[in-house]
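1. this is the structure alone, sequence omitted:
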């Protein structure tokens, strides 16, 4: 056997080994790891054809991974069947026998544990019947909870207290303009007067604040508390009343009434302390640069040469580079992708996903709670502002509602 023949044989051997390794790598990557060609796929035997999807997604007829959210109100479905939901995205819905999410029975607050048409807990003013798992109305007017007997109220709604002098007990209004008076009814508890009213510690009643003031507890009504004048007003007369700033002004705490420290968007502070509409288009503030120019542009624009505002190159940008116009930060609901210098969407109902990344969440919108996996799940009460991430019970309520002892948001009842 010649030396050349040995060389040719060795070369053929090496080539065959390399081909085997290449084919093995091509197919084993799909088998052993995540299938890169199918978004949201965990395992697949054939490239482009998924066998099992990630949580929140399911395999369809084309072996792709559509979101479980294609089923209304669904957050989790069988990973091999996206039309069969296993978990709804709100405790106001329950999984039905056909794999869809159906609303709870009437007057339920939460459902799902006891099956379709059954309740886990009830809305304010109802109690859960332990046998039928349905919600029965409390018999006392203005009652929030009647946990053991519908004829006996355990906690009254906002603005009412339990009057035990009556038989049976009834819910009676607190003093005027009060949302809670449990300590010494009907006298209002301090800090529980409605907005624009303050608690007078001498007369023990809620009284109106001075005009354009939101809170007046600290200095006794009607005297306004520091920093509690409405936008466009400032404290005067030894910090007791609220006087207007200049027109088109946001704050004038330093400049004083009739003048301005910070003008509304598109306006600039003039030498006499007034606000004039002279900023460049798409400008938020031009106080420090002068007429028809800009210091700070509105969201989605950047200050460029000459003090002009130029639009960023991505509609979801909040701020961008003044030379390339590429994003440097994104609007709410989006996060910055360093690889593409663009803004990508967070998970649905997400406010911010800066550290969680695309399709996930760090901070959810009002009315939603952050759960494992970086997803946002709806609170169990439509009037929640924030809620617990385990029970989804309200922790704070939206404007005009107050939290009752059952963690439900009930409309504020105001006695006048």
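-> Looks like it arrived, so ask away. For clarity, every value in this text was computed on a predicted model and none was experimentally measured.
2. what's the neighbour count on residue 222?
-> Residues lying near residue 222 (other C-beta atoms under 10 Å) number 17. Yep, even glycine has a C-beta here, placed from its N, CA and C like the rest.
3. residue 195 too?
-> Neighbour count for residue 195, taken as other C-beta under 10 Å: 12.
4. which residues touch it?
-> Neighbouring residues of residue 195 by C-beta atoms under 8 Å, 6 or more residues apart in numbering: 214, 215.
5. before we move on, which element is it in?
-> Using DSSP states H and E, residue 195 maps to neither a helix nor a strand.
6. and the strands in the stretch 101-250 of the chain?
-> 101-103, 108-111, 119-122, 126-128, 135-137, 143-145, 155-156, 160-163, 170-173, 197-200, 205-208, 233-236, 241-244, 249-251 (DSSP state E, counting those that start in this stretch).
7. residues making contact with the fourth one?
-> By that I understand strand 126-128. Under C-beta under 8 Å, 6+ apart, the answer for strand 126-128 is 107, 119-122, 134-138, 145-150.
8. what about 10 Å?
-> The contact list for strand 126-128 (C-beta atoms under 10 Å, 6 or more residues apart in numbering) reads 106-110, 114, 118-122, 134-139, 143-150, 152, 154.
9. again, but for the shortest one
-> Strand 155-156 has contacts (C-beta under 10 Å, 6+ apart) with 124, 138, 140-147, 161-163, 169-174, 180-182, 185, 404-406, 413.
10. and the most centrally placed residue in the chain, how close does it get to residue 80?
-> The centroid of the chain falls nearest to residue 365 when counting by C-alpha atoms, centre = their mean (1.4 Å). Residue 365 sits 31 Å away from residue 80, taking C-beta to C-beta, to the nearest Å as the criterion.
11. again, but for residue 149
-> To residue 80, residue 149 is 48 Å away according to C-beta to C-beta.
12. show me what contacts the closest residue to residue 230 other than its chain neighbours?
-> Nearest non-adjacent residue to residue 230, counting by C-beta to C-beta, 6 or more residues apart in numbering: residue 212, 4.8 Å away. Listed by C-beta under 10 Å, 6+ apart, the contact set of residue 212 reads 196, 224, 228-234, 241-244.
13. grab the longest strand from this structure for me.
-> Ranked by residue count, the top strand of the chain under DSSP state E comes out as strand 81-88.
14. can you give me the buried ones in that strand?
-> Within strand 81-88, the residues that qualify as buried by neighbour count (16 or more other C-beta atoms under 10 Å) are 82, 83, 84, 85, 87, 88.
15. can you report how many residues lie near the closest residue to the last one other than its chain neighbours?
-> Closest residue to residue 88 apart from its sequence neighbours, by C-beta to C-beta, 6+ apart: residue 101 at 4.0 Å. Burial of residue 101, expressed as a neighbour count using other C-beta under 10 Å, amounts to 21.
16. what do you get for the one 4 residues further on?
-> For residue 105, the number of neighbouring residues by other C-beta under 10 Å comes to 17.
17. what about this protein, any weak spots by pLDDT?
-> Within the chain, the ranges that satisfy pLDDT under 70 run 1-34, 36, 412-416.
18. now the helices for this structure?
-> 3-32 (DSSP state H).
19. let me see the domain layout of it.
-> Here the domain assignment for the chain is 1-29, 33-88, 255-301, 312-365, based on automatic domain parsing.
20. which among the contacts of residue 212 count as buried?
-> 196, 224, 228, 229, 232, 233, 234, 241, 242, 243, 244.
21. who's in contact with the fifth one?
-> It refers to residue 232. 212, 242, 244-252, 260, 264.
22. mind putting the residues you listed in CSV, distance to residue 278 included?
-> Shown next, in CSV, are the contacts of residue 232 (distance: C-beta to C-beta, whole Å):
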residue, distance to residue 278
212, 27
242, 28
244, 21
245, 18
246, 14
247, 14
248, 11
249, 15
250, 17
251, 19
252, 19
260, 14
264, 13
